[in-house]
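Colleague: only geometry, no sequence info:
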């Protein structure tokens, strides 16, 4: 990002981290102690890794942390890009291509029939809701609902 703006932001860049990478880091250090509800309902969720997290090598952290919640099953969809690609898929001229790109993901969701599809990316959640017609949520909402 700094190269695009012509500024050196390395000192800030090294200190910024997404929520689930931070929680995974705490877990690795043995410092993640989350107080989960004992009577939380079971949940079958699917997880879509956003392309930007894939590029950063951070996508698997959400599934890893959410797997600690009793009664919650989260499976990674591993079906590629949703097709939206930022504002690309929102443009009329690209809409059909964006839907075609997201079709494998929509087929995987239809085959699995999860209660909810999780993704950290708002754009992906919008596209998934459009393509698959299923409930979508940020993984942090599942974590927050499971805590005492």
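Modeller: Here it is on my side, so go on. Fair warning: this is a prediction, and the values are worked out from it, not measured in the lab.

Colleague: now residue 79: phi and psi?
Modeller: When quoted as degrees, to the nearest 10, the phi and psi of residue 79 stand at phi -120, psi 20.

Colleague: what's the burial count for it?
Modeller: The burial count assigned to residue 79 is 19, neighbours taken as other Cβ atoms under 10 Å. For every residue, glycine as well, the C-beta is placed using N, CA and C.

Colleague: ditto for residue 24
Modeller: Applying other Cβ under 10 Å, we find 19 other residues in the vicinity of residue 24.

Colleague: let's see the pLDDT reported for it.
Modeller: We note a pLDDT of 95 for residue 24 in this prediction.

Colleague: phi and psi next, for residue 47.
Modeller: Backbone torsions for residue 47, taken as degrees, to the nearest 10, come to phi -120, psi 130.

Colleague: give me the distance between residue 39 and residue 70.
Modeller: Look at residue 39 and residue 70: by Cβ to Cβ, to the nearest Å, they are 10 Å apart.

Colleague: I figured residue 131 hits residue 99, correct?
Modeller: Yes: in terms of Cβ atoms under 8 Å, residue 131 counts as a neighbour of residue 99; the distance is 6.6 Å.

Colleague: tell me which of these two has more neighbours.
Modeller: Neighbour totals were compared for residue 131 and residue 99, and residue 131 leads with 21 against 17 (other Cβ under 10 Å).

Colleague: so which residues of this structure form helices?
Modeller: Listed from the start of the chain, the chain has helices (DSSP state H) covering 2-5, 10-13, 19-28, 51-56, 60-66, 95-112, 122-132, 139-146.

Colleague: and the fifth one, which residues are buried?
Modeller: When you say that, I think you mean helix 60-66. Residues of helix 60-66 classed as buried: 60-63, 65-66 (neighbour count, 16 or more other Cβ atoms under 10 Å).

Colleague: joint contacts of residue 131 and residue 99?
Modeller: In terms of Cβ atoms under 8 Å, 6 or more residues apart in numbering, residue 131 and residue 99 are both contacted by the residues residue 83.

Colleague: that concludes my questions; thank you for your assistance.
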